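In: Below: sequence and its predicted model.
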Amino acid sequence: MALWIYVFHYGSHWTSETSNVYTAHVQTAVASFLIISGFVLAMAYERRDWGSQPGKQWLWFMGTRLARVYPLYFIGWAATLYWTITEQHWGQTWFAEQVCSVETDPGSTAARIITSLFLCQSWWPSTFFAVNGPAWFISTLFWVWTIFPVAIRLLKSRSSSVLVVAIFIFWILGLIPTIVLWSTDNFEQNCVSFVYRDNPIFRVPEFLVGVCFGLLMNKQQQGGYELPSKYPWRLVKWGGDLAFLAIVLPIYLINEFVGIRDEMFLPRLFVLPMGIVLYYTAWNQGFAANIVSAPGLCDLGRYAWGIYILQEALWENLCIMVEGNDDRQCFTNDGFGWARETNNCVAVFLLLNIVAGLCLQWEVPLYKYAKAKIEEKLGLSTVNPEPQEAGDIGESAKPNSSQVSDAPSAEEDC
């Protein structure tokens with residue numbers, strides 16, 4: 001997913017064909033991140049005693065989430081701050097000129113700097129691409145996370161049938177506002193469209209879909225990752241693959257699915273099949289599961305956070321170092337620019353993998369230290385030990401039903 005978004009940002013104009021594919025459907029990857037986040041958080045933290053001292057539990061959860069994402073987020077913010085102050089930020093300039101007309105002045109620049117520093121930029125279109133452009137998603141995700149402690153308390157004790165109904169309700173709720181706007185006459189890409197597409201309020205339903213699928217997974221696991229005996233083997237093997245094809249085939253077969261309307265509508269439409277793909281491939285069955293379980297892709301997944309949040313920081317600073325290219329020339333669509341050239345796009349991506357891998361060496365220990373301090377300050381303790389290595393996604397044990405704390409899991413690495 002991170003690779004897909006990276007190619008869209010810096011390689012989507014190599015040819016008109018790939019431009020159409022990636023431009024129309026890259027938001028499916030963004031929606032998938034929200035679903036995956038809800039799914040993994042629910043699996044990792046369902047057995048925590050959320051009803052005991054709910055206020056402290058909420059502070060614990062949000063504090064640990066902030067400790068997980070903010071150190072690297074701040075590095076990306078600081079590394080791109082210069083381009084905002086000097087009004088040379090290429091994505092911000094494009095957004096202000098072609099999407100949401102906002103005057104660039106000291107006041108608006110200060111607003112972008114302050115809102116992005118406090119993870120608030122996705123609430124207002126005028127600050128949406130503030131400082132580090134791709135960081136808007138972290139802003140949205142952070143505020144969506146605020147509802148998780150409440151949602152898990154309300155949903156964890158529900159039966160499987162109720163969770164299935166909830167999945168369909170949340171899916172439809174996510175579709176309604178985008179259908180209304182998508183069907184509007186003379187619709188165009190503007191401030192309103194981005195509010196409906198990326199404001200945290202409108203991304204909550206897909207996150208809750210992921211939470212419900214994660215709770216369903218926990219109910220069916222029965223303490224392990226073996227297939228439930230009551231499940232027909234072929235259903236489990238092919239269910240995720242059929243849902244995967246339902247997402248992939250329209251991308252390449254229906255040429256009309258291009259443009260901002262489909263950046264808003266199709267990702268919401270694909271939320272349900274994407275949740276099904278996630279649920280069935282989590283059983284490690286089927287073609288799609290074999291693809292995403294490949295060792296190389298697992299490594300790429302571990303680096304995904306660093307790749308995503310540092311991509312613009314590297315490009316902004318590398319571009320200005322290239323002789324004969326100023327910042328805006330690097331990213332021009334006409335003539336493809338230095339950042340659009342295939343060799344450069346691939347080379348920077350490989351460099352990003354190295355940087356993200358190095359970041360894991362200090363970022364995960366820092367997170368664990370901060371988490372321990374937050375628990376100590378709030379008087380909360382972790383019953384279960386942490387995984388031996390945060391990168392060992394498949395080696396995290398499930399807790400016993402008597403344990404009320406969070407399970408060590410892949411979530412620490414997500």
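Out: Nice, thanks for sending it over. Numbering: from 1, shown residues only.
In: Just the pLDDT for residue 197.
Out: pLDDT for residue 197: 76.
In: go on, the one 3 residues further on?
Out: Per-residue pLDDT puts residue 200 at 91.
In: helix or strand for the closest residue in space to it that isn't next to it in sequence, which one?
Out: Once flanking residues are discounted, residue 200 sits nearest to residue 143: 3.9 Å by C-beta to C-beta, 6 or more residues apart in numbering. C-beta here means a position set from N, CA and C on the backbone, and glycine is covered the same way. Assigned by DSSP states H and E, residue 143 belongs to helix 136-145.
In: just checking, what packs against the helix or strand just after that helix?
Out: Later in the chain than helix 136-145, the nearest helix or strand by DSSP H and E is helix 148-155. Counting by 3 or more C-beta pairs under 8 Å, 6 or more residues apart in numbering; DSSP states H and E, the packing neighbours recorded for helix 148-155 are helix 16-45, helix 54-85, helix 200-221.
In: avg pLDDT for the second one?
Out: Going back to what we said before, that points to helix 54-85. 91.
In: Quick one: work out the angle between it and helix 148-155.
Out: Angle of helix 54-85 versus helix 148-155, following axes from the mean of the first three to the mean of the last three C-alpha atoms, to 10 degrees, is 140 degrees.
In: Which secondary structure elements does helix 54-85 sit against?
Out: helix 90-98, helix 106-117, helix 136-145, helix 148-155, helix 295-321, helix 342-378.
In: List the buried residues in it.
Out: Across helix 54-85, burial judged by 16 or more other C-beta atoms under 10 Å covers 57-70, 72-73, 75-77, 79-81, 83-84.
In: will you turn the helices and strands packed on helix 54-85 into TSV that also has distance to residue 51, mean pLDDT and mean neighbour count?
Out: Formatted as TSV, the helices and strands packed on helix 54-85 follow (distance: least, C-beta to C-beta, whole Å; pLDDT from 0 to 100; neighbours: other C-beta atoms under 10 Å):
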stretch	distance to residue 51	mean pLDDT	mean neighbour count
helix 90-98	43	70	18
helix 106-117	34	83	17
helix 136-145	19	94	21
helix 148-155	6	94	17
helix 295-321	31	84	19
helix 342-378	16	88	15
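In: Isn't residue 300 up against residue 3?
Out: Yes: the pair residue 300 / residue 3 is scored as a contact, 6.6 Å apart, by C-beta atoms under 8 Å.
In: what is in contact with the two at once?
Out: When C-beta atoms under 8 Å, 6 or more residues apart in numbering defines a contact, the residues bordering residue 300 and residue 3 alike are residue 307.
In: List phi and psi for residue 128.
Out: Note on residue 128: its backbone torsions stand at phi -60, psi -50 [degrees, to the nearest 10].
In: and what of residue 379?
Out: Per degrees, to the nearest 10, the backbone of residue 379 is at phi 80, psi 20.
In: wait, what's in contact with it?
Out: Neighbouring residues of residue 379 by C-beta under 8 Å, 6+ apart: residue 56.
In: where's residue 161, which helix or strand?
Out: In this structure, residue 161 sits in helix 160-182 according to DSSP H and E.
In: Tell me which other helices or strands that helix touches.
Out: helix 191-198, helix 200-221, helix 260-269, helix 271-281.
In: Redo those helices as TSV? Include distance to residue 51.
Out: Below are the helices and strands packed on helix 160-182 laid out as TSV (distance: least, C-beta to C-beta, whole Å):
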stretch	distance to residue 51
helix 191-198	33
helix 200-221	16
helix 260-269	32
helix 271-281	26
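In: Worst mean pLDDT among the ones you listed?
Out: Among these, helix 260-269 scores lowest, with a mean of 69.
In: ok, back up a step: please identify the buried residues of the helix holding residue 161?
Out: For helix 160-182, burial by neighbour count (16+ other C-beta under 10 Å) applies to 163, 166-167, 170-171, 173-175, 177-178, 181-182.
In: what about that helix, average pLDDT?
Out: The predicted confidence, averaged over helix 160-182, sits at 87.
In: closest to residue 147 out of the helices and strands packed on helix 160-182?
Out: Comparison of the helices and strands packed on helix 160-182 against residue 147 by C-beta to C-beta identifies helix 200-221 as nearest, at 6.4 Å.
In: ok, back up a step: quick one: which of the helices and strands packed on helix 160-182 is nearest residue 123?
Out: Checking these against residue 123 by C-beta to C-beta gives helix 200-221 as the closest, at 6.9 Å.
In: how distant is the closest one from the center of its chain?
Out: Offset of helix 200-221 from its chain centre (C-alpha atoms, centre = their mean, to the nearest Å): 14 Å.
In: Leaving out chain neighbours, which residue sits closest to residue 4?
Out: residue 29 (4.6 Å).
In: Near that neighbour, how many other residues are there?
Out: Using other C-beta atoms under 10 Å, the number of residues around residue 29 comes to 18.
In: thinking again about what came up before, okay if I get the helices and strands packed on helix 54-85 as a markdown table plus distance to residue 212?
Out: A markdown table is the format used below for those (distance: least, C-beta to C-beta, whole Å):
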| stretch | distance to residue 212 |
| --- | --- |
| helix 90-98 | 34 |
| helix 106-117 | 31 |
| helix 136-145 | 15 |
| helix 148-155 | 6 |
| helix 295-321 | 23 |
| helix 342-378 | 26 |
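In: Those: which one's closest to residue 36?
Out: Proximity to residue 36, assessed across the helices and strands packed on helix 54-85 by C-beta to C-beta, is greatest for helix 295-321 (9.9 Å).
In: The closest one - contacts with which helices or strands?
Out: In this structure, helix 295-321 packs against helix 2-11, helix 54-85, helix 327-330, helix 337-340, helix 342-378, with contacts taken as 3+ C-beta pairs under 8 Å, 6+ apart.
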